[in-house]
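**Student:** Just a sequence and a predicted model for now, questions to come.
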Amino acid sequence: MKVMLIKDVSGLGSKGQIVDVSEGYAVNYLFRKKLAIPANKGIIKEVEKREKAKKAKEQKKRQEALETKKKLDGMILEIRRKAGDSGKLFSAITSKDIAEALKEKGFEVEKKQISLKRPIKVVGDTPVSVKLFKDITAEIIVRAVKEA
C-alpha cells in the first residue's frame, strides 16, 4: 500500500515522502499515530511535482556554485592588519573576516562555508577552502599583510 508520510518516521522515510508499506502496518500503526495518509493519484502527482521542482532548484544552485568556483579558485584575498616587527598580527584573521572580505568583492559566502583550521595569526599566505555546495569547494589564498 502506498502512503504519504506526514511526519518523519525513522527507518521508513521523511515527511512528504511516498513509501510502500504493508496494509496492516499502514492501518494499525501509521494511520492511528497520524504519521501518514493514504496516497491517491492526486497526492502522488503533487509529490512528484514537488520533487521535480526541488531537483531543478538544486541543479540551479549547483550551477551557480560551479560559476563561483571558477571565479574564486586561486584568488588571492588580501587582508590588512596591524602587526608587530616579528610579523605576528595583533588581531587574528578569522573565517568571519574572510567572509566579509569576500562579500566586499561581490561573493555571497557565509563564515560557516569557510574551512579554516585555526585563525591566521601571522603575516603571509594561507590556503583556505570555501565550500560552495555539497561537493563543490573553491581554494583561495588569504594573504595577511602588515598595515603601514
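**Tutor:** Structure received. Numbering: from 1, shown residues only.
**Student:** right, and the secondary structure at Ile98 would be what?
**Tutor:** Three-state call for Ile98 (DSSP: H, G, I helix; E, B strand; the rest coil): helix.
**Student:** Wait, it touches Val128, no?
**Tutor:** Yes: using C-beta atoms under 8 Å, Ile98 is in contact with Val128, at 6.4 Å. Yep, even glycine has a C-beta here, placed from its N, CA and C like the rest.
**Student:** Need the overlap of contacts for the two.
**Tutor:** Ile114, Leu116, Val142 (C-beta atoms under 8 Å, 6 or more residues apart in numbering).
**Student:** got TSV for these, with secondary structure too?
**Tutor:** Shown next, in TSV, are these (three-state DSSP):
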residue	secondary structure
Ile114	strand
Leu116	coil
Val142	strand
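**Student:** Where is pLDDT lowest across these?
**Tutor:** Ranked by pLDDT, the shared contacts of Ile98 and Val128 bottom out at Leu116, which scores 92.
**Student:** Measure how buried the residue lying closest to that residue once chain neighbours are set aside is and give me the count.
**Tutor:** Nearest residue to Leu116, sequence neighbours excluded (C-beta to C-beta, 6 or more residues apart in numbering): Ser95, at 4.7 Å. Ser95 has 20 neighbouring residues, counting by other C-beta atoms under 10 Å.
**Student:** Return the distance of Lys7 relative to Lys45.
**Tutor:** Separation of Lys7 from Lys45 (C-beta to C-beta, to the nearest Å) stands at 22 Å.
**Student:** Kindly report the same for Tyr25.
**Tutor:** From Tyr25 to Lys45 the distance is 24 Å (C-beta to C-beta).
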